[in-house]
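Participant: need coordinates for the below:
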Amino acid sequence: KSVLNALWRKRLKRMTRRRDVAWLSGACLMTRRRALERSGGFDEDFFLYFEDIDLCRRIRKAGFRAVFFPGARVFHAGGASASAAPLRNRLEYRRSQLHYYRKHASRISRWLLRAALNVGARLDLIFRGAGSEKREFARALLRLLKSPERTVPRGRTRVLEVIDKPFLGGGQKTVLLLAGGLDRREFDVSVCSAGGGPLARELEKLGVRHFPLPLDRKVSPGVVRRLRKLILEESFDIVHTHGGVAGLYGRLAARRTRAAVVHTLHGIHYLHYRRPLLRKAFILLERLMSRATDAVVCVSLSDRDAARRHKLAPDGKLRIIKNGIDFRTARRRKKPGTLRKELRPGRTGPVVGAVARLHRQKGLVHFLRAVPAILKAHPRVRVVIAGGGPLRDGLEEEAARLGVRSAVLFLGERPDAADILGLLDVFVLPSLWEGLPYVLGEAAHAGRPIVATDIEGTREVLRDGVNGLLVPPADPEALALAVNLLLGDAALRARLASAARKTVPGHFDLGRMLRLTGALYRELKTNYNLHP
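Facilitator: Below is the predicted model of the structure:
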């Protein structure tokens with residue numbers, strides 16, 4: 001091919017007469033309106049290449065001629081578009097070439113072209129070094145070859161958000177905000193999770209399609225097949241998974257589809273597993289799954305650093321998109337008097353509380369173990385814990401064992417978390433590990449003084465003594481001292497609450513989260529994760 005091209009270019013330079021040709025370059029092409037109308041005009045499924053060859057072919061088929069005219073002189077910046085993003089340019093060339101062959105070439109020619117491209121790409125994956133441009137292009141080309149039915153992506157980007165449970169935890173809040181906040185003129189967002197629950201009800205209010213599938217911790221091959229069938233039938237451009245269980249299901253299901261894959265780490269929970277072998281197994285699994293992932297989103301700098309430290313994904317795939325909060329919906333909906341009576345039955349003292357999922361991660365057992373010391377200093381305190389989860393029975397038993405059951409009110413999962421936060425005198429977050437906890441932004445926006453554990457994630461948002469109090473994790477004594485300090489000093493409570501309200505919500509910018517996520521989706525839809 002190179003030899004023939006060289007000979008042809010040399011021959012073209014000697015051309016001095018007009019002559020009929022098969023096709024003309026789109027760099028300078030003039031045609032009659034009648035020829036365009038009868039041929040159907042440009043095919044918009046071509047983006048950067050082959051559109052001129054295709055048009056000339058159809059114009060000639062419509063009974064017109066294609067003429068090379070040497071008398072004109074044209075000044076054209078050759079390759080200016082291509083040089084701006086050379087790898088993207090090569091991918092667009094192959095995309096258009098495949099479309100041209102589908103339209104005009106024989107079946108054997110199409111098969112030979114695809115086979116040659118496939119073999120070449122796989123050889124590059126084998127022999128090119130990790131991170132090289134040719135290896136990166138080979139990955140993108142193989143993904144393109146899996147999607148013969150599509151050329152230039154047009155219309156709305158079809159996105160499937162996948163998460164396992166239907167309760168309203170941090171990951172589910174992110175899914176809701178993406179489903180309701182991304183521009184619907186550009187993105188068509190659907191959600192897949194286990195059926196029922198408040199997540200499905202909230203999605204219904206937003207008018208977002210929900211596909212119920214039982215995404216259990218014990219992975220079912222049948223559910224993986226059903227999820228893959230859903231991705232193929234609905235022609236999703238992007239599959240965005242949230243959390244470990246959904247990440248496993250979604251990435252296995254998307255492997256044999258044309259969809260690009262995004263995975264968000266909402267806190268890297270397996271790094272805190274107690275059994276070393278299990279922890280190492282999940283780290284290895286994530287490394288393997290990251291090969292089938294185009295972008296791995298971290299919700300905090302600390303999560304990004306941990307992912308790098310444990311080599312969970314190649315550095316080029318890691319993105320930071322912090323959680324956002326729609327503070328407009330955080331206004332109180334209930335009358336304060338009604339809720340205050342519910343939170344303080346039989347007591348008139350201050351209320352200290354936590355709003356969290358009842359899971360080991362949240363460290364609520366250490367909060368309960370701090371309650372006796374809090375009650376000793378402030379006997380009229382009411383302790384409130386709002387949230388559902390697997391540890392409810394165990395926590396109630398622990399409260400009874402400590403002799404504080406009558407002072408602790410377990411509210412269960414509540415839709416009025418913003419109202420509850422607004423009535424707390426001190427908010428406590430005793431977590432053992434976090435990504436970037438939504439509840440810190442919500443508590444700060446509600447104007448509550450915060451006591452939290454000094455861990456990565458919270459440390460990214462709070463500064464001890466400036467906009468909150470930080471205590472060591474799993475330390476009930478230190479937690480009780482901090483709470484008692486705030487309960488005994490109204491001026492300190494007001495100062496910390498005011499500082500938190502000014503500084504913390506900026507870490508939870510919803511507009512930023514939507515903007516960065518939309519930009520990531522656009523990039524993946526158009527270039528199959530091919531970096532410029």
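Participant: please tell me I have it right and Leu424 contacts Val351.
Facilitator: Yes - taking C-beta atoms under 8 Å as the definition, Leu424 is a contact partner of Val351 at 5.3 Å. Using the backbone N, CA and C atoms, a C-beta is placed for each residue, glycine as well.
Participant: neighbours of the spatially closest residue to Gly267 that is not a sequence neighbour, how many?
Facilitator: In space, and not counting its chain neighbours, Gly267 is closest to Gly435: 3.4 Å by C-beta to C-beta, 6 or more residues apart in numbering. Gly435: 24 surrounding residues under other C-beta atoms under 10 Å.
Participant: quick one, phi/psi of Gly435?
Facilitator: The phi/psi pair for Gly435 (degrees, to the nearest 10) reads phi -90, psi -90.
Participant: quick one: contacts for it?
Facilitator: Shown in contact with Gly435 (C-beta atoms under 8 Å, 6 or more residues apart in numbering): Gly170, Leu265, His266, Gly267, Ile268, Cys298, Val299, Ser300, Ser302, Asp303, Asn323, Gly457.
Participant: what residues are shared contacts of Leu424 and Val351?
Facilitator: With C-beta under 8 Å, 6+ apart as the test, Leu424 and Val351 both reach Val384.
Participant: give me the more crowded residue out of these two.
Facilitator: Between Leu424 and Val351, counted using other C-beta under 10 Å, the more crowded position is Leu424 (24 against 19).
Participant: secondary structure class for the closest residue to the more buried one other than its chain neighbours?
Facilitator: Leaving aside its sequence neighbours, Leu424 sits nearest to Gly353 (C-beta to C-beta, 6+ apart; 4.7 Å). Of the three states, Gly353 takes strand under DSSP: H, G, I helix; E, B strand; the rest coil.
Participant: pretty sure Gly353 contacts Gly422?
Facilitator: No - counting by C-beta under 8 Å, Gly422 is not a contact partner of Gly353; they are 11.1 Å apart.
Participant: out of those two, which sits in the busier spot?
Facilitator: Neighbour count, other C-beta under 10 Å: between Gly353 and Gly422, Gly353 has more, with 25 against 20.
Participant: who's the more buried one bridged to?
Facilitator: Beta-bridge pairing for Gly353 (DSSP bridges): Val384, Phe427.
Participant: any idea how far it lies from Ala446?
Facilitator: Look at Gly353 and Ala446: by C-beta to C-beta, to the nearest Å, they are 12 Å apart.
Participant: one more: Lys376?
Facilitator: Per C-beta to C-beta, Lys376 is found 28 Å from Ala446.
Participant: looking at these two now, which is surrounded by more residues?
Facilitator: The neighbour comparison of Lys376 against Ala446 (other C-beta under 10 Å) goes to Ala446, with 23 against 10.
Participant: so who does that one touch?
Facilitator: Ala330, Ala418, Leu421, Gly422, Leu424, Phe427.
Participant: need phi/psi at Leu358.
Facilitator: When read as degrees, to the nearest 10, the backbone of Leu358 gives phi -80, psi 80.
Participant: no wait, Arg291
Facilitator: Per degrees, to the nearest 10, the backbone of Arg291 is at phi -70, psi -30.
Participant: hmm, back to that, between Gly353 and Ala446, which contacts overlap?
Facilitator: Leu424, Phe427.
Participant: what ranges do the helices span in the stretch 1-150 of the chain?
Facilitator: For the stretch 1-150 of the chain, the helices defined by DSSP state H, counting those that start in this stretch cover 2-13, 33-39, 51-61, 80-84, 86-104, 107-127, 133-145.
Participant: actually, the stretch 351-500 of the chain.
Facilitator: Going by DSSP H, counting those that start in this stretch, the stretch 351-500 of the chain shows helices at 364-377, 392-401, 417-422, 438-445, 476-487, 490-503.
Participant: low pLDDT regions in this structure?
Facilitator: 1, 12-13, 84, 130-131, 147-154, 330-338, 344-348, 526-532 (pLDDT under 70).
Participant: of all residues in it, which one is nearest the centre?
Facilitator: In the chain, the centroid-proximal residue (C-alpha atoms, centre = their mean) is Thr264; its distance is 5.0 Å.
Participant: buried sites along the helix or strand Glu202 falls within?
Facilitator: Applying DSSP states H and E as the criterion places Glu202 in helix 197-206. Of all the residues in helix 197-206, those buried under the rule 16 or more other C-beta atoms under 10 Å are Gly197, Pro198, Leu199, Ala200, Glu202, Leu203.
Participant: same question for stretch 174-192.
Facilitator: Buried residues in stretch 174-192, counted by 16+ other C-beta under 10 Å: 174-182, 187-192.
Participant: compute the first-to-last residue distance for that stretch.
Facilitator: Stretch 174-192 has its terminal residues 14 Å apart, counting by C-alpha to C-alpha, to the nearest Å.
Participant: same question for stretch 102-109.
Facilitator: Using C-alpha to C-alpha, one end of stretch 102-109 lies 9 Å from the other.
Participant: and what of stretch 293-311?
Facilitator: Start-to-end span of stretch 293-311 (C-alpha to C-alpha) is 14 Å.
Participant: okay if I get the contacts of Gly435 as a markdown table plus neighbour count and secondary structure?
Facilitator: Below are the contacts of Gly435 laid out as a markdown table (neighbours: other C-beta atoms under 10 Å; DSSP: H, G, I helix; E, B strand; the rest coil):
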| residue | neighbour count | secondary structure |
| --- | --- | --- |
| Gly170 | 21 | helix |
| Leu265 | 25 | strand |
| His266 | 28 | coil |
| Gly267 | 25 | coil |
| Ile268 | 20 | coil |
| Cys298 | 26 | strand |
| Val299 | 27 | coil |
| Ser300 | 26 | coil |
| Ser302 | 21 | helix |
| Asp303 | 29 | helix |
| Asn323 | 25 | coil |
| Gly457 | 23 | coil |
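Participant: nearest to Ile450 among the residues you listed?
Facilitator: Nearest to Ile450, judged by C-beta to C-beta, of these is Gly457 at 13.4 Å.
Participant: give the contact list for the closest residue to the closest one other than its chain neighbours.
Facilitator: Distances taken as C-beta to C-beta, 6+ apart put Glu434 closest to Gly457, at 3.4 Å, once the chain neighbours are dropped. Counting by C-beta under 8 Å, 6+ apart, Glu434 touches Gly267, Ser300, Gln361, Ile455, Glu456, Gly457, Thr458.
Participant: between those residues, which is nearest Ala292?
Facilitator: For the contacts of Glu434, the nearest to Ala292 is Gly267 (21.6 Å; C-beta to C-beta).
Participant: next one: phi and psi at Val404?
Facilitator: Dihedral pair for Val404: phi -120, psi 20, per degrees, to the nearest 10.
Participant: mind listing what the closest residue to it other than its chain neighbours touches?
Facilitator: Distance criterion C-beta to C-beta, 6+ apart; nearest residue to Val404, sequence neighbours excluded, is Val371 at 4.6 Å. With contact set as C-beta under 8 Å, 6+ apart, Val371 has these partners: Val383, Ala399, Leu402, Val404, Ala407, Val408, Ala480.
Participant: can you rerun that using 10 Å?
Facilitator: Val371 is in contact with 352, 381, 383, 398-399, 402-405, 407-408, 476, 479-480, 483, counting by C-beta atoms under 10 Å, 6 or more residues apart in numbering.
Participant: what does Lys103 give?
Facilitator: For Lys103, the contact set (C-beta under 10 Å, 6+ apart) comprises Asp43, Asp45, Phe46, Phe50, Asp54, Arg57, Arg58.
Participant: Asp475: neighbour count?
Facilitator: For Asp475, the count of nearby residues is 18 (other C-beta under 10 Å).
Participant: could you do the one 5 residues further on as well?
Facilitator: The burial count assigned to Ala480 is 23, neighbours taken as other C-beta under 10 Å.
Participant: distance of it relative to Ala491?
Facilitator: Note on Ala480: its distance to Ala491, by C-beta to C-beta, is 21 Å.
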